[in-house]
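Peer 1: sequence and computational prediction follow.
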Number of protein chains: 2
Amino acid sequence: MLYDFRSFVNPGRYAFGKGSFNHLGELINKQKNENNDWVVYMIDTFFKDKDEVINRIPTNEKDLFIWIDPKDEPKTILVNEYRDKILAHQNTLPAVVVGMGGGTAMDYSKATALMVTNPGDSKDYQGLDLIKNEGIYNICIPTIAGTGAEVSMTAVLSGPEKKLGIKCDYTIPNEVIFDPELLATVLDSDRFYTGMDCFIHNVESLNGTWINAMGKAFAEKSNELCEEVFTNKISNRLKADEQMMVASIMGGNSITYAQVGVCHALSYGLAVVLGTHHGVGNCIVFNQLQDYYPDGYKMFKKMQALQGVEIPSGITANCTDEQLDQMVEVSWALEHMWNNVFGPDWKNHINKPTIKDLFKRM
Amino acid sequence: MLYDFRSFVNPGRYAFGKGSFNHLGELINKQKNENNDWVVYMIDTFFKDKDEVINRIPTNEKDLFIWIDPKDEPKTILVNEYRDKILAHQNTLPAVVVGMGGGTAMDYSKATALMVTNPGDSKDYQGLDLIKNEGIYNICIPTIAGTGAEVSMTAVLSGPEKKLGIKCDYTIPNEVIFDPELLATVLDSDRFYTGMDCFIHNVESLNGTWINAMGKAFAEKSNELCEEVFTNKISNRLKADEQMMVASIMGGNSITYAQVGVCHALSYGLAVVLGTHHGVGNCIVFNQLQDYYPDGYKMFKKMQALQGVEIPSGITANCTDEQLDQMVEVSWALEHMWNNVFGPDWKNHINKPTIKDLFKRM
């Protein structure tokens, strides 16, 4: 286990339901005081030309907008840059850092909110409980469902040396707005890949050795909700999106009390070496994991067929042997994931050539 | 709806799993400082002679023990008395108020922790958002599963005029220790009645008009877990108790995003007039609600038969007509519950003679 004992912190508050986004201004105002009266908005570039959404953000001339490009996974170097921008923006600290978008925008907001109050380079905080000070009040607004970033105590970051989250009590969002209307314009492929991020981490959690009653109940229900949505059992899109937001909460909760497995370990390898985005990366990897998660694999393929979304293939075809080895090393180093899959003697159950072979097939 | 919009606060932290109770001392020490270095323990009298549990509590000579008799529902007058005791105990405020037991002990601890920092009579705070100041850090330790008190923003209280909770953001526990070993000695009847509190509020939530995707998912999974336990699908008692703790969390979460119904409205009537305890009271009422919740009723009777627990009957047989009318009035006044059951035009769907007739049958 990652901890002998831990009292897990919960996200502070949830505003849930259609129209809840309209209340962002109220929620921000509760955090403002005379010394902290401005806001940082870290928003997915997807919304740059979506005036109908952007115009609803309660901005003020003092506020700072930072557009987050979701193409790349969150990077420590950019977290540092955003932090410097924030510190230079006004003479005071901001009252709130809002992260609006998918896992990338939310994780940037979670990490940056912490780096404003913790000195140094964000790469030095990659790991467990390294952060010393509470961050700026962080409000996350997911606009795609499945990452679980909105309820997790990890801000996943790629640094110069490793892809590893900043993980501590303070990383968890102070408040989350779940408004299903914000999910209306998501691309079908992104919707599927991100939904599968949730489905896959539930499968990994349920099949892991670290599972307990809490992780199990949350993962089971989360996957029931995912499967209803992606086998088209829910005809109303808004209702389906709302349900996927609940699935995402429950999937995130499950991981808090359990751990991910083979798919996440390998998808980190793809991310570090090829920059493959987490959602699609998980799908690319899971597409090769029929031997490890047979039931989950079968359901995954069924949902994929029904959604008509393609999983990219051949992405490692042009990789050098050195690149493949690097992917293997990145994956191999994620001991806690392998330990969850196979138990403490995991090295007796998996080896590097097997992992390399899996990468070659992707 | 009770609110047009609300951003719901979550319990602060969860320590979950067998053995987590051993860490109570660590969790308390994190809250202590030089000005606040003592603790109030509000503990169910059930544990008074259970040395094997009591000796594990990390007490200090400065601490204050208050034994909570669970026979009676929590009362405002006793909350005031406990508050006065706490204020007189040391020259400083306590660092932590621990509530250990069932809904009664936990709700006393939640309410008392608030009354230490809010002036006046606790009856004046019965209602929504009347509390002005944050309370003393509150750690709840459920020793029976199903009430949901450990995750709810309500401390249910009976005052001189009404049974109505103190309900606000500050009422929610700061931390909860879920240790299934503490449930080992619960009486079979209490275990069933309290489990059914959870089952029944899920049925009410799922059949109500206020239900949303969040309330639905939590109630559905919670009842799946309850039904497995009380139809004897889980042979290992510790595993069953652990699962019921998760059911209780999820049931409590469901009610946050939805509302209870007919059974709770009527059981409040029994509580105020006859002092009937909440768990058994719900069972007595639900036993007459086949017309309102036919599916839930069927499952309830199945679980009751399998557990071999008796539901008291004839408890209103000797009631005066005046008493019955008073029960009706108490129930009738719980407009939000009726509104959840039937919608805003609930008075077209239920009337006082029908409710009185239900009470007579109990």
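Peer 2: Perfect, I can see it now.

Peer 1: residue ranges of the strands in the stretch 151-300 of chain A, please?
Peer 2: For the stretch 151-300 of chain A, the strands defined by DSSP state E, counting those that start in this stretch cover A:154-155, A:166-167, A:175-178.

Peer 1: relative to chain B, which of those is closest?
Peer 2: Closest to chain B of the strands of the stretch 151-300 of chain A, according to C-beta to the nearest C-beta: strand A:175-178, at 6.2 Å. (Glycine included, C-beta is placed from N, CA and C.)

Peer 1: is the closest one anywhere near chain B?
Peer 2: Yes - Strand A:175-178 lies within reach of chain B by C-beta under 8 Å from any C-beta of the partner chain, at A:175, A:177-178.

Peer 1: and that strand, what's its mean pLDDT?
Peer 2: Here strand A:175-178 scores 98 as its mean pLDDT.

Peer 1: what strands flank it, and is each parallel or antiparallel?
Peer 2: Sheet pairing for strand A:175-178, assigned by DSSP bridges, gives strand A:13-16 (parallel), strand A:137-142 (parallel).

Peer 1: quick one on the thing from earlier: quick one, which of the strands of the stretch 151-300 of chain A is nearest to residue A:129?
Peer 2: Proximity to residue A:129 (C-beta to C-beta) singles out strand A:166-167 among the strands of the stretch 151-300 of chain A, at 7.3 Å.

Peer 1: which outside residues touch the closest one?
Peer 2: The contact list for strand A:166-167 (C-beta atoms under 8 Å, 6 or more residues apart in numbering or on different chains) reads A:110-111, A:114, A:122, A:125-131, A:153-155, A:157.

Peer 1: list the contacts for the closest residue to residue A:17 other than its chain neighbours?
Peer 2: Sequence neighbours aside, residue B:212 is the residue nearest to residue A:17 in space, at 5.9 Å (criterion: C-beta to C-beta, 6 or more residues apart in numbering or on different chains). The contact partners of residue B:212, taken as C-beta under 8 Å, 6+ apart, are A:16-17, A:242, B:257-258.

Peer 1: rerun that using 10 Å as the cut-off
Peer 2: For residue B:212, the contacting residues are A:16-18, A:242, A:246, B:1, B:254, B:257-258, by C-beta atoms under 10 Å, 6 or more residues apart in numbering or on different chains.

Peer 1: where in the stretch 1-150 of chain A is pLDDT low?
Peer 2: Applying pLDDT under 70 to the stretch 1-150 of chain A flags residues A:1.

Peer 1: try it again with 90
Peer 2: A:1-4, A:34-36, A:71-73 (pLDDT under 90).

Peer 1: hmm, residue A:154 is touching residue A:255, no?
Peer 2: Yes - because the distance of 8.6 Å satisfies C-beta atoms under 10 Å, residue A:154 is recorded as touching residue A:255.

Peer 1: give the residues shared as contacts by those two.
Peer 2: What both residue A:154 and residue A:255 touch, as defined by C-beta under 10 Å, 6+ apart, is the set residue A:148.

Peer 1: who has more neighbours out of these two?
Peer 2: Higher neighbour count among residue A:154 and residue A:255: residue A:255, with 24 against 21, using other C-beta atoms under 10 Å in any protein chain shown.

Peer 1: name the nearest residue to the more buried one, ignoring sequence neighbours.
Peer 2: residue A:201 (5.5 Å).

Peer 1: what does residue A:134 give?
Peer 2: residue A:170 (5.1 Å).

Peer 1: any idea how far residue A:327 is from residue A:285?
Peer 2: Distance of residue A:327 to residue A:285, given as C-beta to C-beta, to the nearest Å: 10 Å.

Peer 1: get me the contact residues on the stretch 101-250 of chain A for chain B.
Peer 2: A:139, A:151, A:169, A:172, A:175-178, A:180, A:212-218, A:220-222, A:224-225, A:239-247, A:249-250 (C-beta under 10 Å from any C-beta of the partner chain).

Peer 1: pop the domain breakdown of chain A in here.
Peer 2: A:13-183, A:188-360 (automatic domain parsing).

Peer 1: so which of the contacts of strand A:166-167 belong to strands?
Peer 2: Within the contacts of strand A:166-167, residues falling in strands by DSSP state E are A:127-128, A:154-155.

Peer 1: so what's the residue lying closest to residue A:268 once chain neighbours are set aside up against?
Peer 2: In space, and not counting its chain neighbours, residue A:268 is closest to residue A:163: 5.1 Å by C-beta to C-beta, 6+ apart. Shown in contact with residue A:163 (C-beta under 10 Å, 6+ apart): A:73-76, A:126, A:156-157, A:267-269, A:271-273, A:278, A:330, A:333-334.

Peer 1: now list the buried members of these.
Peer 2: A:73-76, A:126, A:156-157, A:267-269, A:271-273, A:278, A:330, A:334 (16 or more other C-beta atoms under 10 Å in any protein chain shown).

Peer 1: inside helices: which ones of these?
Peer 2: Among the buried ones among the contacts of residue A:163, the members found in helices (DSSP state H) are A:76, A:267-269, A:271-273, A:278, A:330.

Peer 1: closest one of those to residue A:358?
Peer 2: residue A:269 (9.5 Å).

Peer 1: ok, that closest one - contacts?
Peer 2: With contacts defined as C-beta under 10 Å, 6+ apart, residue A:269 is in contact with A:163, A:276, A:281, A:285, A:316, A:323-324, A:326-334, A:355-356, A:358-359, A:362.

Peer 1: one more time with 6 Å, if that's ok
Peer 2: A:327, A:330-331 (C-beta atoms under 6 Å, 6 or more residues apart in numbering or on different chains).

Peer 1: in the stretch 1-150 of chain A, which spans are strands?
Peer 2: A:7-9, A:13-16, A:39-44, A:64-68, A:96-101, A:127-128, A:137-142.

Peer 1: can I get the ones you listed in TSV including distance to residue B:46 and mean neighbour count?
Peer 2: Converted to TSV, these look like this (distance: least, C-beta to C-beta, whole Å; neighbours: other C-beta atoms under 10 Å in any protein chain shown):
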stretch	distance to residue B:46	mean neighbour count
strand A:7-9	25	19
strand A:13-16	34	23
strand A:39-44	50	25
strand A:64-68	53	19
strand A:96-101	45	28
strand A:127-128	38	14
strand A:137-142	41	28
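
Peer 1: is it possible to get a markdown table of these that adds distance to residue A:30?
Peer 2: Below are the strands of the stretch 1-150 of chain A laid out as a markdown table (distance: least, C-beta to C-beta, whole Å):
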| stretch | distance to residue A:30 |
| --- | --- |
| strand A:7-9 | 20 |
| strand A:13-16 | 10 |
| strand A:39-44 | 12 |
| strand A:64-68 | 20 |
| strand A:96-101 | 9 |
| strand A:127-128 | 31 |
| strand A:137-142 | 9 |
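
Peer 1: for residue B:48, find the nearest of those.
Peer 2: strand A:7-9 (27.1 Å).

Peer 1: so what strands line up beside the closest one?
Peer 2: Here, using DSSP bridges, strand A:7-9 pairs with strand B:13-16 (antiparallel).

Peer 1: give the contact list for residue A:207.
Peer 2: residue A:293.

Peer 1: so for residue A:38, what's the nearest residue that isn't a sequence neighbour?
Peer 2: residue A:62 (3.9 Å).

Peer 1: so that neighbour versus residue A:300, what's the distance?
Peer 2: Look at residue A:62 and residue A:300: by C-beta to C-beta, they are 47 Å apart.

Peer 1: the more surrounded of the two?
Peer 2: residue A:300 (23 against 12).

Peer 1: give me the neighbour count for the closest residue to the more buried one other than its chain neighbours.
Peer 2: Once flanking residues are discounted, residue A:300 sits nearest to residue A:286: 5.8 Å by C-beta to C-beta, 6+ apart. A total of 28 residues lie near residue A:286 under the criterion other C-beta under 10 Å.
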